[in-house]
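J.: I'd like to go over a predicted model; first the sequence, then the structure.
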Amino acid sequence: MAGILFIISAPSGSGKSTIVNQLRSLVENLEFSVSWTTRGLRGSEQESREYHFISREEFQRMLDADEFLEHADVFGNWYGTARRSLTEAFSKGKDLLLDIDVQGAAQVRSKVPDAVTIFLMPPSPEILATRLRNRSRAEGAVQEQVISRRLSKARQEIENYREYGYILVNDILDRAVEEMAAIVASERIARSGGPASQEDEELLKMAEQCRQRNSEDRIQPILQAFGVINPETAPR
């Protein structure tokens, strides 16, 4: 059976990296694609762990050689996912998880239409701003103009939530990790074609509650807080 491609996207500061790291320690046979970027290291980041850090010239060389599955310019820095991440994971019989922004996710969906897409939302603009400030403080400086720019970008990204199959809200970390693991398990169960055990049924139920079509009531206050209009609830 071909591997499953999972895509997770979220505004900067939503806690996506923390959830992904915990998920990788819980779920077997799930490869993580380390993206390539032209930005510098932050804080405790390490080469080839969070990203492959390369020069703009090297990024352009890879781009010219058509080595990227997707790439995007985010706040003036280039990010990309190498095509070989996908082929290498699938050749080993493993699934692949991509941690990419909404621009990159749109590119990958057009090339891999059966990819499983997950959007992670922060609980509110206030909590997101606090997380961004805490991260900036840990990196050495808090720049309010950068925080403001990232909050504005978060709103733009959240507007794309309807392009994703699943929606998670990172208000309680343990629950978000549990829901993420349930989504991975449920997609594997569904594609295996075999009978579902009682434990499987519980995972399927949890994942189903996270589907976009079943998440509208839960995320409506978040959309309103960020000033995002839901076309289904907007006045006519």
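T.: Nice, thanks for sending it over. Numbers count the residues shown, from 1 in each chain.

J.: Show me the shaky parts of the protein.
T.: Applying pLDDT under 70 to the chain flags residues 1-2, 230-236.

J.: what about E45, how many neighbours?
T.: 14 (other C-beta atoms under 10 Å). (C-beta placed from N, C-alpha, C; glycine too.)

J.: Around L120, count how many other residues there are.
T.: Using other C-beta under 10 Å, L120 is surrounded by 24 other residues.

J.: Please tell me I have it right and it contacts Y166.
T.: No: look at L120 against Y166 with C-beta atoms under 8 Å: they stay out of range, at 9.4 Å.

J.: At which residues are the strands of the chain located?
T.: Assigned by DSSP state E, the chain shows strands spanning 5-9, 30-32, 35-37, 51-53, 68-74, 77-82, 95-99, 116-121, 166-169.

J.: Now do the first one and strand 68-74, the angle between them.
T.: Our comparison of strand 5-9 with strand 68-74, counting by axes from the mean of the first three to the mean of the last three C-alpha atoms, to 10 degrees, yields an angle of 0 degrees.

J.: Direction included, what does strand 5-9 pair up with?
T.: strand 95-99 (parallel), strand 116-121 (parallel) (DSSP bridges).

J.: what would those strands look like in CSV with distance to A129?
T.: Listed next are the strands paired with strand 5-9 as CSV, based on distance: least, C-beta to C-beta, whole Å:
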stretch, distance to A129
strand 95-99, 22
strand 116-121, 14
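
J.: mind checking which of these is nearest L204?
T.: Of all the strands paired with strand 5-9, strand 116-121 sits nearest to L204, with 13.9 Å by C-beta to C-beta.

J.: Residues touching the closest one, excluding its own?
T.: Counting contacts by C-beta atoms under 8 Å, 6 or more residues apart in numbering, the residues outside strand 116-121 that touch it are 4-11, 14-16, 19, 105, 109, 158, 160-161, 163-170, 176, 180, 183, 187, 212, 219, 222.

J.: can you rerun that using 7 Å?
T.: With contacts defined as C-beta atoms under 7 Å, 6 or more residues apart in numbering, strand 116-121 is touched by 4-10, 14, 16, 19, 105, 109, 158, 161, 164-170, 183, 187, 219, 222.
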